[in-house]
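> below are the sequence and a predicted model for it; my questions follow.
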Amino acid sequence: MERIPRFNRQALDVIMDEIERAIGPIKDKYGLNELSIESVSFSDFSFQAKFTGKIAGSEAQELDDLEAKFFALHHGLPEDILKREFTSRGEVFSVVRIETRNFKYPVIARCQHDGKTYKFTIDQIKEFLGRDKNT
């Protein structure tokens, strides 16, 4: 096993990939709707990661879905925005949630290639969905 003398982007990518693979079976074992790493910050000698877990079919999930639908209709996006797929920079993304408190980048989508989540603006999503519809 290789020791890490300092945290940097490359070292964290390796560690986060391994953690993502490890939490997949945990998600399945407990029947969770979502179990993922949302954000990571680091310094040379430490890192912090935010995990999110959601129970399938829970009231919280229903509220999230309703909130996303309302948000989408209010901003000119399709009401079924969650799980919608689009292409950006040659990669396919799937919308996983809407962060209504994040005014600048409220749409969170997961890249199918690397499994990481990325933030997008409303205008970017409108452009990507419109472009994919025309192709």
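Okay, I see it.

> okay, now the sheet partners of the lengthiest strand in the chain, with direction.
Counting residues, the longest strand found in the chain (DSSP state E) is strand 32-42. Take DSSP bridges as the rule and strand 32-42 pairs in its sheet with strand 47-55 (antiparallel).

> tell me what the closest residue to R131 other than its chain neighbours is bridged to.
Spatial nearest neighbour of R131, chain neighbours left out: T87 (7.5 Å); criterion: CB to CB, 6 or more residues apart in numbering. Placement of C-beta: from N, CA and C, glycine included. Applying DSSP bridges to T87 gives these bridge partners: V92.

> could you do the one 10 residues further on as well?
According to DSSP bridges, the partner residues bridging R97 are I108.

> that older thread, residues contacting the longest strand of the chain, please?
Applying CB atoms under 8 Å, 6 or more residues apart in numbering, the contact partners of strand 32-42 are 7, 12, 16, 19-20, 23, 26-27, 47-58, 61, 96, 117.

> tell me what the residue nearest the centre of the chain is bridged to.
Ranked by distance to the mean C-alpha position of the chain (CA atoms, centre = their mean), the top residue is T117 at 3.4 Å. Per DSSP bridges, the residues bridged to T117 are R110.

> in contact with it, which residues?
36, 38, 96, 108-111.

> for the residues you listed, give me JSON lines that also has pLDDT.
Putting the contacts of T117 into JSON lines (pLDDT from 0 to 100) gives the following:
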{"residue": "S36", "pLDDT": "84"}
{"residue": "E38", "pLDDT": "78"}
{"residue": "V96", "pLDDT": "88"}
{"residue": "I108", "pLDDT": "92"}
{"residue": "A109", "pLDDT": "93"}
{"residue": "R110", "pLDDT": "90"}
{"residue": "C111", "pLDDT": "90"}
